[in-house]
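Student: I would like the atomic coordinates for the input below:
(4 chains, ligands or ions: 4)
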Amino acid sequence: MKNRLLWPVLALVALLVLNVVVTPSFFSLRLQDGHLYGSLIDILRNGAPTLLIALGMTLVIATRGIDLSVGAVAAIAGAVTCTYIASGGDAWTGMGLALVLCGVLGLWNGFLVSVLGIQPIIATLVLMTAGRGIAMLITEGQIVTVDSPTFREVGAGFVVLPIAILISLAVLGLVALVTRRTALGLLIESVGVNPSASRLAGVRARTIIWTVYVFAALCAAVAGLMISSNVSAADANNAGLWIEMDAILAVVIGGTSLAGGRYSLTGTLLGALIIQTLTTTVYTIGIAPEITLVFKAVVVIAVCLMQAPVRIRVRGVRGKQGVPA
Amino acid sequence: MVQPEVSSAAPVRSRGLMSVPKRFLPVIATFVVFVATFGVGSVRYEGFASGQVMANLFIDNAFLIVLAVGMTFVILTGGIDLSVGSVVALSTMIAAAALQAGWPVWLVVLAVLASGSGLGLAMGWVIHRFGVQPFIVTLAGMFLARGLCFVISVESVSIKDSTFRALATGSIELPGGVTITYGVVIALAAVLAAVYVLHLTRFGRTVYAVGGSESSARLMGLATTRVKIGVYVISGFCSSLGGLLFSLYMLSGYSLHAVGMELDAIAAVVVGGSLLSGGVGFVIGSVVGVLVLGTIQTLISFEGTLSSWWTKIVIGALLLAFIALQRVIVRRT
Amino acid sequence: GSGGSGDAGSPSGNAKGDDKITMGFAQVGAESGWRTANTKSIQEEAAAAGIELKFSDAQQKQENQIKAIRSYIQQKVDVIAFSPVVETGWDAVLLEAKRANIPVILTDRAVDSDDTSLYKTFLGSDFVEEGKKAGEWLKANAAGAKNVVELQGTTGAAPAIDRKKGFEDAIAGTDLKVVATQTGDFTRSGGKQVMEAFLKSVPQIDVVYAHNDDMGLGAIEAIKAAGKVPGKDIKIITVDAVKDGMTALAAGEINFIVECNPLLGKQLMELAKKVVAGEEVPPRVVTEEGTFTVDQAKTELPNRKY
Amino acid sequence: MTEPVVDMRGISVEFPGVKALQEVDFRLFPGEVHALMGENGAGKSTLIKALTGVHPLAAGQVSYAGESVSFTAPAEAQAAGISTVYQEVNLCGNLTVAENILLGREPRKFGRIDGKRMRARAAELLARIGLHIDPGSVLESHPIAVQQLVAIARAVAVDARVLVLDEPTSSLDADEVAELFRIIRVLRDEGVAVLFVTHFLEQVYEISDRITVLRNGQLVAEHSTAALSRIDLVSAMLGREMGLLEEIERRSGTPGQAFLVAEGVGRKGSVAPFDLEVRSGEVVGLAGLLGSGRTEVARLLFGADKADSGRILVDGKPLKLTGPRAAIEAGVAFSSEDRKAEGIVADLSVRDNLILAMQAARGWARPVPRKLADELVAKYIELLDIRPADPDRAVGNLSGGNQQKVLLARWLVTEPKLLILDEPTRGIDVGAKAQIQKVVADLAAEGMAVLFISAELEEVVRVSDRVVVMRDRHKVAELDGDVGVDDVMALIAGGGDHGLDKDVEKAVVS
Ligand SMILES: Nc1ncnc2c1ncn2[C@@H]1O[C@H](COP(=O)(O)OP(=O)(O)OP(=O)(O)O)[C@@H](O)[C@H]1O
Ligand SMILES: Nc1ncnc2c1ncn2[C@@H]1O[C@H](COP(=O)(O)OP(=O)(O)OP(=O)(O)O)[C@@H](O)[C@H]1O
Ligand SMILES: [Mg+2]
Ligand SMILES: [Mg+2]
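Tutor: Ligands and ions are numbered 1, 2, ... in the order given. Modelled structure (predicted):
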């Protein structure tokens, strides 16, 4: 695993170097109103929601699942909170409400997957479609703008570093701690690698699967709060749009297989950073919008070829070393 | 205590109750649910139960059927192809731009099909040769194809070619006054060809074998390389063919066409009873899957008064109702 | 504000003797607050005019719009109206409508078809004109500003293309120069992210031209975070004039907004009645839209509904 | 003798961290049955895979039919006439039996596969090895033994010059083995070279002409079978004398309370209601032919399948068996016969696999302390001689026999009150098998109840205090203490008719 992370790291470094070459001041940081200011900080802050969602996604994927609904759930979280605040409510209560509601949505996903046995991609597709409708229902299709200093902190606030990335890193640390210090990681992986063997070994596969979907939904909820807090508005339509793809991509770049089983949280962190750096790079080095996607495609291919377990089979040695009879 | 003798001969035989093999069940269940929904629609909405509504289901989804066919191959091997939607857009773009530049129709068709298949080949090769996960490779393919659209033109390009127009507007009269388009015929031909390839050729059987267990298939001496790359070529080909049908449907090339259509195609395949893990599923199932999605759309438009958000919620709910019913039927039997 | 050009039609049905006009309206989707206001206006005005409205949301997909129009043809509505997602690709379905003798009204955006008999009239804004207005104002109020950064709408989307074009045309030949342009996907967070990057990579930014208010609002956040004053250090011009944008304008954070009016409902219903009654209508009806400066915004803001 | 058809010289194969084969020479002659012997992990399967192009060679040379070859894929070896049954059943469970037999060489008509002829041909090939199942049925629906037979049918379906069989008999009982040997003899007489791997010494002496012994990836000896006594063979394999086999004549004779009592437990379509009692401190053997329902009995008792009649009492109290967890909580453990699909968690390490059941029982919040895990792993690696003795190696990379040992260890560490072992010694070498039997006996002596299922009748009779006989999905008898193999055999075969064909047919053809 360690070795495989080398390549994502190199990819990240390569992207950063590219930026510095084009924009020499890319690494420069300065203190602005008591917090750090610079491109690197932007990458961290804007990458925080993706990272958070990717963390939840990592565990879901480790159980052989996938969660397409995270983007919609993020939108719902933002919608609930902003609508609540806009109607005169308190920010903390609003966020609490959002988390509870999204937790319920996670339970729903987990129910479809682990109890009804519906394939994860289609089970979560239901909420992916309907969820955005629910978010719009809550906001009535409008962008709900709020003016709440408390709420602003989540996505746009700073304690030297952006609060958003601090939250994401804290969750990363927590997940790492919980899955590696308890047996949860082992059980998740065993369910992902061989569900029937795990069941026969007495693993509560159902509960575990259920748990990871709830966790993914909660991650998505917090990410949704960050996204809407960052602009102090809930945009039910666009908040978290396609973020599920970014999250899955982050997980996959990080070396976790979509087939389930072994997962790497560090890999996911790297993957999320690579994706956000890529986006920022596009803006910073001034790639024309028309060729942005081509540029992204090239980078993604390069990253995955770099980390690919190259299948070159060394066959030349044969024959040369034949043992004399 | 139960006497062992009482039921002595009984237990062994009860497995024969179903005359249909178990693996057809999901497809049949999907079909049953599809018919039921159509029935509900007919009762609820005036004019729903007409032949033309059924025909429109095919007309409006011909391209999706073709995409789902290609996707079925990929999913059967346990892979996934996220590039299909973008390749559709690229195909419409190439077709429109080339026609505008005055290329002859046959050359345009050839160029579109070749570029789609070529991209599929490239992706398949990378997936196989470097052992990269299909998800990333085809996602890159998705970016690339969509990006190339923008490179060709940011604006939409109208198709003015008379042959295309004739094909697009022409229709075939079926008994009962129902008309279908040429696109439907092409889509159905693609379905038949896919069924033939999957079930009656070695290539097709190997597709199933690879999906069942790739390592076993390799040890059994099957041509796994050819199949693993081949399915992406097929999917690429189907995407570009779907793209051609789409350009007939739209008579335009546009870089924002078919955004997210890959998810529709995947959903259709999965709703049709295929397993994403590979090895299980049928092309016919995918076709029924497309019809299911189409019916949901039709129901929505017949309902006619849903607000934008309720539209999304109802689509989700109907999708859920479908798969839940399908599960119930599969479990009961 | 919107204003009716014709007289208010009588709400009591049409000339053919049907008791009620049925209109099928195929909306693009609900991708923005602007669009939602547009939908709402149409729904409300239809009710007020006594027109039965069949409404469908295409979820931003042209094929869905086509399907919806087909189903309206099947359902034999009296008139079809829709906002085309994109200008190409409507000939086939419009021909079907024509064959079925159902008149069609376009809103928001024209279609690119040689056969103008396919639709009766087109009601909507002119995106190129909007871009031009933005450019003209800037030319007149540049005051030494040179470097413009542009926040584009979704790449490939019609408003984005046209607003870019109109703006470029207007500032051509002046000192003004678009030094960086990037898509912000019409969203606030998109606008903010892009602006953040611009603030670091572009040495001197005088003006931000955003294709809609939302991106402009995002840019304001980014500018504030960089320690600059939006509206002063960096001038901001946007298009749309939704409520949030007008609020910012009134607060002086935005300098100028070109209106793009979503409240077409009333005009549309009037046109529909005429069309169904077989009256002549002009082939192009431009919605009334203005522009707002900071001062105008202060007076207009209280009346803003969307 | 004539020229060898396969001549491998100085073969070395390396995996990351393991030298699986070091300079091994191997020759295979036409018309001979050659047994490849060695302990678990000795490198037998690796040698076979090196021959057929699955693993690249680090060094060495292969010549086939007099020419130097270097196969890069199994397909090439197969095309050249080397037909192979690999150790784990390597077929596609999602396809039908007929397809599995004929994949890649389906009969065709006008270029398309002729389904009817395919099924007919498959039925013919199945009949040839004495298996009467519906060729149109899905492979997955058959027990592992049937799958093994299907794999054999596939291998003998082609005209090959070399037939390689890697532990083809590990799940088979006497009748099928006899049938297989009949076919092997026919092929041998036609001049086919047969390479055969097994851990059953009797089978080696019954069928093979020559023996090659590997140990720790190195060649130890190549002999003609006649010239090598069993004792010598075993010590060549183990590298030491072997005395254990005789020792486990253990019959405690003091079973305690009835731990588990099944009353009229049965399941429609799988096994007729039966009564069964397992007492603490005794080993109950389950004997029967392929498809007689032993596995089904085990699964019902464990809750892996739901019974639809009868009830189960544990310690005198009725137990509501909602699933495996309920059984585990009641102190029942079950090791499945299908180690690939239901046993190992391939990507996880030996350590993780070993503590999995224990961990699952403790719940996620109370991880097995690292120190305890290491102690347990060290203990069982030593006790069962798991090789390589590396707790961090992924279990999927272990040899088949060693995987089986890890599985067994997984359940032993949970110290269950009743241990249900379905084919626990499948693919286990002689030395380790004796070790496992001894462990089972010791556990019983310490008060554990054991339900022991094995295709090898001798083994069942040797370890069991009581033998329950299954036939045609019915429990037909319960035999006490000192029964002989022959007594059980008579019961298994039932009223004299040839059990196998009929039973399987009845069971599978629907
Ligand atoms: N793919 C692999 N990766 C790493 N090590 C492997 C792999 N396959 C086999 N080995 C190692 O090579 C050695 C030889 O294994 P092999 O499977 O050949 O043993 P075997 O003699 O067939 O044993 P058994 O009787 O248990 O089947 C073992 O130590 C095993 O762990
Ligand atoms: N999952 C299944 N689906 C359908 N049929 C099955 C399934 N599992 C087993 N069977 C059938 O049940 C029969 C009994 O199998 P079982 O595994 O109980 O036999 P057994 O006595 O354990 O023999 P062995 O383990 O040697 O195969 C088999 O012949 C098979 O046809
Ligand atoms: Mg082996
Ligand atoms: Mg069995």
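
Student: Give the rounded mean pLDDT of the host helix or strand of A:Glu189.
Tutor: Secondary-structure assignment from DSSP states H and E places A:Glu189 in helix A:184-193. Summarised as a single mean, pLDDT over helix A:184-193 is 95.

Student: do stretch D:312-330 as well
Tutor: 91.

Student: Next one, pLDDT for residue 214 please.
Tutor: In the absence of a named chain, this looks at chain A. pLDDT, A:Val214: 98.

Student: oops, chain D please
Tutor: At D:Leu214, the model reports a pLDDT of 95.

Student: The stretch 201-325 of chain A: strands as residue ranges?
Tutor: All strands of the stretch 201-325 of chain A, identified by DSSP state E, counting those that start in this stretch, fall at A:233-234.

Student: same check, this time on chain C
Tutor: Taking DSSP state E to define them, one finds strands in chain C at C:22-27, C:52-57, C:79-82, C:104-107, C:121-124, C:147-152, C:177-183, C:207-210, C:235-240, C:256-259, C:284-286, C:291-293.

Student: element containing the residue sitting nearest the centre point of chain B, please.
Tutor: Residue closest to the average C-alpha location in chain B (C-alpha atoms, centre = their mean): B:Ala68, at 1.1 Å. Following DSSP H and E, one finds B:Ala68 within helix B:51-76.

Student: can you pull the buried residues of stretch B:108-124?
Tutor: Going by neighbour count (16 or more other C-beta atoms under 10 Å in any protein chain shown), the buried part of stretch B:108-124 is B:108-109, B:111-113, B:115-117, B:119-124. In short, each C-beta sits where N, CA and C put it, glycine included.

Student: Read off the pLDDT value for whichever residue of the stretch 1-150 of chain B sits closest to ligand 3.
Tutor: As assessed by C-beta to the ion, ligand 3 sits closest to B:Gly131 within the stretch 1-150 of chain B, at 25.2 Å. For B:Gly131, the model assigns a pLDDT of 85.

Student: in the longest helix belonging to chain C, what counts as buried?
Tutor: Assignment by DSSP state H gives helix C:33-49 as the longest helix of chain C. Buried positions in helix C:33-49, judged by neighbour count with 16+ other C-beta under 10 Å: C:33-43, C:45-46, C:49.

Student: again, but for stretch D:323-334
Tutor: Judged by neighbour count (16+ other C-beta under 10 Å), stretch D:323-334 contains these buried residues: D:323-328, D:330-334.

Student: hmm, which two among the residues you listed are most spread apart?
Tutor: D:Gly323 and D:Gly331 (15.2 Å; C-beta to C-beta).

Student: tally of neighbours for B:Ile329?
Tutor: By other C-beta atoms under 10 Å in any protein chain shown, 17 other residues sit near B:Ile329.

Student: ugh, wrong one, D:Gly111
Tutor: Using other C-beta under 10 Å, D:Gly111 has 8 neighbouring residues.

Student: wait, what's in contact with the residue lying closest to it once chain neighbours are set aside?
Tutor: Nearest residue to D:Gly111, sequence neighbours excluded (C-beta to C-beta, 6 or more residues apart in numbering or on different chains): B:Thr201, at 7.6 Å. Taking C-beta atoms under 8 Å, 6 or more residues apart in numbering or on different chains, we find B:Thr201 in contact with D:111-113.

Student: For chain A, state which of those is nearest.
Tutor: D:Ile113 (29.2 Å; C-beta to the nearest C-beta).

Student: Next up, the contacts around the closest one.
Tutor: Residues in contact with D:Ile113 (C-beta under 8 Å, 6+ apart) are B:199-202, B:205, D:106-107.

Student: host element of residue 14?
Tutor: All of this refers to chain A. helix A:2-22.

Student: ah, no, chain D please
Tutor: Assessed by DSSP H and E, D:Glu14 sits inside strand D:6-15.

Student: That strand pairs with which strands?
Tutor: Strand pairing for strand D:6-15, determined by DSSP bridges: strand D:18-28 (antiparallel), strand D:59-64 (antiparallel).

Student: Mean neighbour count and mean pLDDT added to those, as CSV?
Tutor: Listed next are the strands paired with strand D:6-15 as CSV, based on neighbours: other C-beta atoms under 10 Å in any protein chain shown; pLDDT from 0 to 100:
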stretch, mean neighbour count, mean pLDDT
strand D:18-28, 21, 94
strand D:59-64, 21, 94
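
Student: Out of the ones you listed, flag the one nearest ligand 1.
Tutor: strand D:18-28 (3.4 Å; C-beta to the nearest ligand atom).

Student: any idea how far chain C is from the residue sitting nearest the centre point of chain D?
Tutor: For chain D, the residue nearest the mean C-alpha position is D:Arg426 (3.2 Å; C-alpha atoms, centre = their mean). D:Arg426 sits 56 Å away from chain C, taking C-beta to the nearest C-beta, to the nearest Å as the criterion.

Student: In chain C, where is pLDDT below threshold?
Tutor: Counting by pLDDT under 70, chain C has low-confidence residues at C:1-19.

Student: Spit out the contact partners of the residue nearest to the spatial centre of it.
Tutor: Nearest to the mean C-alpha position of chain C, by C-alpha atoms, centre = their mean, lies C:Cys260 at 4.9 Å. By C-beta under 8 Å, 6+ apart, the contact list for C:Cys260 reads C:34, C:125, C:127, C:130, C:159, C:239-241, C:289.
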